[in-house]
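Asker: Build me a structure from this.
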Amino acid sequence: MYRILFVCHGNICRSPMAEFVLKDMVKKRGIADDFFIESRATSTEEIGNGVHHGTTRKLAQYGISTVGKTAIQLRKSDYEKYDMLICMDSWNVRNTMRIIGSDKDEKVTKLLSFAGEGGDIADPWYTGNFDDTYDDVLRGCEGLLSYLGY
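Answerer: The predicted model follows:
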């Protein structure tokens with residue numbers, strides 16, 4: 001089983017988008033039992049809040065629900081619990097490292113690296129563009145599944 005944790009700043013836009021997109025992808029492919037997928041925040045700003053309405057609306061266009069998800073902060077102990085900590089941008093990587101201390105097992109990476117890109121997924125909290133964020137997340141998740149052999 002692959003234990004995957006997506007990480008962004010507030011855990012209300014990008015990381016829950018990635019969490020639910022990947023959950024939907026593995027369910028549709030009949031491989032959901034091979035995965036445990038969640039998401040976390042590096043900050044405390046949105047802890048307890050639900051998924052941003054822009055993410056909720058965008059995912060609803062594809063029949064993907066985010067009901068019940070609230071923002072949770074990344075903990076140092078999450079490093080041992082998950083096989084991969086996949087960040088949305090370089091700042092998330094830096095802040096994840098600040099929380100976990102070290103990446104001795106090289107579990108921390110950026111989502112777009114699985115799509116053969118080194119860039120960051122823009123934060124729609126600031127850009128307002130949930131379409132581009134979705135496209136980037138989808139590319140990254142497809143690349144991740146390919147990387148894992150699915």
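Asker: Where is the longest helix in the protein?
Answerer: helix 130-147 (DSSP state H).
Asker: contacts for the lowest-mean-pLDDT helix or strand in the chain?
Answerer: Least confident helix or strand of the chain, by mean pLDDT, DSSP states H and E, is helix 124-127 with a mean of 94. Contacts to helix 124-127, defined as Cβ atoms under 8 Å, 6 or more residues apart in numbering, come from residues 9, 10, 12, 13, 14, 52, 54, 55, 130, 132, 133. (Glycine included, C-beta is placed from N, CA and C.)
Asker: If we ignore the residues flanking it in sequence, what's nearest the last one?
Answerer: Counting by Cβ to Cβ, 6 or more residues apart in numbering, the nearest residue to residue 133 once its immediate chain neighbours are dropped is residue 124, at 4.6 Å.
Asker: Relative to residue 110, how far out is the one you found?
Answerer: Distance, residue 124 to residue 110, using Cβ to Cβ, to the nearest Å: 17 Å.
Asker: Check residue 26 too.
Answerer: The gap separating residue 26 from residue 110 is 20 Å, by Cβ to Cβ.
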